[in-house]
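Chemist: how does the following fold in three dimensions:
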Amino acid sequence: MSADVVKKAAARVLSAAILAMLVSCSAATSGTPAASYATAAATPHSYIVEAESTDKAASAVAAAGGEVVSRLGVIDAVEAKLTEDQHAKVLSVRGVKQITPNTPITTQAAASVRDNFETGSFANNDGTHRWFGDWVESNDNNSPFDGKVTIGWTDKGGKRLMIAGNGTIYRRAATPANSPNVTLKFKSSRGNLEFGEYVSVQASGNGGVLWTEVGRISGPGDDSGFTQQSYNITAYRGRNTAIRFVSSMGSSYPGDWVDIDDLEISYTTNYGDGDPFPLEVNASELHNAGIRGRDVGVAIIDTGYWKLDSLDKDSAGTGRVAVQYDAVRNAVDATWSSVSTDMNGHGTHITSLIASSRRTGANKFYGVAPDARIISVKAFDEDGSSSYVTVIRGIDWVINNRTQYAIRVLNLSLGGPAHSRYWDDPLNKAVMRAWQSGIVVVVSAGNSGPLPQTVGVPGNIPYVITVGAMTDNYTSSNSDDRLASFSSTGPTFEGFVKPDLVAPGGHVWGFMATYQKIAVDHPTFMNNGDFFTMSGTSQAAAAVSGVAALVIYNNPNLTPDQVKCRIIASGKPAVNTDGSLAYSVLQQGSGLVDAKAAVYGTANNCANQGLNIAADLSGTQHYMGRVTQDADGTFKVITPNGKLWDAGKLWDAGYTWNSAYLWDAGFLWGSSYLWPEGYLWTDSTPYVSDIPWVGGYPSIIGGAVGSTSSMSINSWVAPE
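Modeler: Reported below is the predicted structural model:
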């Protein structure tokens, strides 16, 4: 059957599916489905059109009367708006390879804010949690040093906020929506205040759209000291709490004024307490030896960046945020500087695990690569929503700017169900292009475990490093460490072993602002200070991205395949007291990552053997892994010499999570344990056929029209 016949048949199938969907929607809202369908059928929808070249895709869309929204050169495609008829016309054009719906991608993942006015700045923060931005003046000159609102001189024992004339200043904070008591407290002192003059104390629950007066500091009065003020502002609690001072006076300082000092918004909440601890991936000795990833660029495609000293600066205090790119707006926000762009929190958490330069009291770094160069790519909005196109645009930008910003690692803590073979998915193609360009791509396995075949896109790409999660079970002992129950499991339906290895992801401390959406939605996991506890393979992937930066720093000439080899060869598998594997290779890959072993390792040619990424991308050859499946649903791995390795059953299709599958009390991560015959389960053969998909294929595989599914940066899972 010719390719044109296949494409036309596929177009008819897709048209029928769209028609059925539209008629169904119309029937739910109208008594005249046919009339509703006639209108809906002409409505353009967003697609990714792939062709022999980006220009070919654009011309095909234009010729059909569709709209080219943006170009996606990384996969020889365009983002286009097409009606059903235009879709069919474009698909029939010779040279058009595939049209994929641009499916939405969505995200999943007693305190106080205080200002003692001890620095001459509107950005000061002295509380356990942080304000939402700086103090903002109205009707003044926006300077803390002069005007109607100032940070005062050292009168009455110290600096303070001084309000005079008719000035206004306000500030925002996030307070837990379930807090039983939110209190505004400060000290005030009147200076030459006359009758009728006052400062109005106001509160807002919507960030300053509407204000309510909760108190007033009035004249006449000239105080020699300070009076403690306290106001219950529980009615204004929530993410967008704000407080404001509005003065009404006859003259500016030094005539009449009011001093405000030691201002605090306090609240009660059940946030986690205790000492935060770094990710334990055996990196401390490397840090002490000066191996910290300096100048190795790590790009993080996520929800954005939070401006914080220990993210802005490396361990030497040098600025290291190379650039911030917004893939939603297709704009660069900052270069060699930084701005806060993350309203969700996931991107901040991931970035801090990779590269935070903050140290513990024991002088350990919280970040795995504390000197790495940060390249922040925002592709998700406040609610965590995005699309395939936006993420692909972010990857395209990373590839095109890899040399300028020394980008060697790309972290993708995101994923979604696989709805096609790995080589058909447009996002996967972009990721493969990144790997081909020399960038090590680290991907989260997903939080859809523990059942088999739950590793999704783009973790199902054989080339990349796909990471699952383990947990220390809240103890310092290795004896009860275990695989996280949510960690997604292989194999892929092309028969590849995934994840490649595991890393800590059970209950990880990373940075997050109190006002970011995840912290607001899950306030009990907000810890004292800037830390937030979060779980997921997203966090595990971040740990391995940090390890990759350390490996590259110490071995800058390694290729992505060689970096992957060093990292997976470092894996310490979970074993029982008798030496048998506690988990199958499809659950833990090569085992728990070890940064020191990866950096100082000498392994070569143990990753992506038998794969040709150029042939894969060109479509001349695709590949399958070594996993097979018996009739009873058991997955098995065949070694290159034909011997079966199973260590018992690898996985039964009916297997459900068993709490007795904990690593036994005597278990240690074997420092020298290797798979039988040294085989690392990375070899491959030319693609012949799929292994059966548990529950049936999620969609028609191999048609001319591909499909995608919604994605998740962080499917919230309870810490474990």
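Chemist: tell me the secondary structure at R239.
Modeler: Here R239 is strand, with the state taken from DSSP: H, G, I helix; E, B strand; the rest coil.
Chemist: any low-confidence regions in the stretch 401-550 of the chain?
Modeler: For the stretch 401-550 of the chain, residues meeting the criterion pLDDT under 70 lie at 475-479, 528.
Chemist: mind listing the strands for it?
Modeler: Assigned by DSSP state E, counting those that start in this stretch, the stretch 401-550 of the chain shows strands spanning 407-412, 440-444, 465-471, 482-483, 501-504, 508-511, 531-534.
Chemist: need these in TSV (columns: distance to V321 and mean neighbour count).
Modeler: The way it works is simple: take the backbone N, C-alpha and C, and place the C-beta from them, glycine included. Listed next are the strands of the stretch 401-550 of the chain as TSV, based on distance: least, Cβ to Cβ, whole Å; neighbours: other Cβ atoms under 10 Å:
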stretch	distance to V321	mean neighbour count
strand 407-412	13	28
strand 440-444	20	31
strand 465-471	24	30
strand 482-483	35	22
strand 501-504	24	29
strand 508-511	14	27
strand 531-534	20	25
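Chemist: possible to save those strands as JSON lines with distance to H87?
Modeler: Output for these, formatted as JSON lines (distance: least, Cβ to Cβ, whole Å):
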{"stretch": "strand 407-412", "distance to H87": "29"}
{"stretch": "strand 440-444", "distance to H87": "30"}
{"stretch": "strand 465-471", "distance to H87": "33"}
{"stretch": "strand 482-483", "distance to H87": "44"}
{"stretch": "strand 501-504", "distance to H87": "41"}
{"stretch": "strand 508-511", "distance to H87": "43"}
{"stretch": "strand 531-534", "distance to H87": "40"}
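Chemist: by mean pLDDT, which helix or strand of this protein comes out lowest?
Modeler: helix 3-27 (a mean of 31; mean pLDDT, DSSP states H and E).
Chemist: low pLDDT regions in the protein?
Modeler: The model of the chain has pLDDT under 70 over residues 1-41, 103-111, 154-157, 251-254, 269-277, 475-479, 528, 577-579, 632-633, 638-719.
Chemist: contacting residues for the residue of it most remote from its centre?
Modeler: The centre of the chain is farthest from one residue, F195, which by Cα atoms, centre = their mean lies 55.8 Å away. F195 sits next to 219-220 when contact means Cβ atoms under 8 Å, 6 or more residues apart in numbering.
Chemist: ok, back up a step: V296: which of the strands of the stretch 401-550 of the chain is closest?
Modeler: With respect to V296, and counting by Cβ to Cβ, the nearest of the strands of the stretch 401-550 of the chain is strand 407-412 at 5.3 Å.
Chemist: check which helices and strands the closest one sits against.
Modeler: strand 297-302, helix 388-400, strand 440-444, helix 537-554 (3 or more Cβ pairs under 8 Å, 6 or more residues apart in numbering; DSSP states H and E).
Chemist: sheet partners, orientation included, of that strand?
Modeler: strand 297-302 (parallel), strand 440-444 (parallel) (DSSP bridges).
Chemist: which of those sits closest to T390?
Modeler: Between T390 and the strands paired with strand 407-412, the shortest gap by Cβ to Cβ is with strand 297-302, which sits at 9.4 Å.
Chemist: residues contacting the closest one, please?
Modeler: Where contact means Cβ under 8 Å, 6+ apart, the residues beyond strand 297-302 that reach it are 322, 327, 342, 346-347, 350-351, 354-355, 369, 372-380, 391, 394-395, 398, 402, 405-414, 439, 545-546, 548-549, 713.
Chemist: go ahead and confirm M470 touches P499.
Modeler: No. Counting by Cβ atoms under 8 Å, P499 is not a contact partner of M470; they are 10.6 Å apart.
Chemist: spit out the residues that contact those two alike.
Modeler: Common contacts of M470 and P499 (Cβ under 8 Å, 6+ apart): 487, 588.
Chemist: let's verify the residue farthest from the centre of the chain: helix, strand, or coil?
Modeler: Here F195 is coil, with the state taken from three-state DSSP.
Chemist: need the contact list for G438.
Modeler: By Cβ under 8 Å, 6+ apart, G438 lies in contact with 402, 408, 559-560.
Chemist: now swap in T602 and tell me
Modeler: No contacts exist for T602 under Cβ under 8 Å, 6+ apart.
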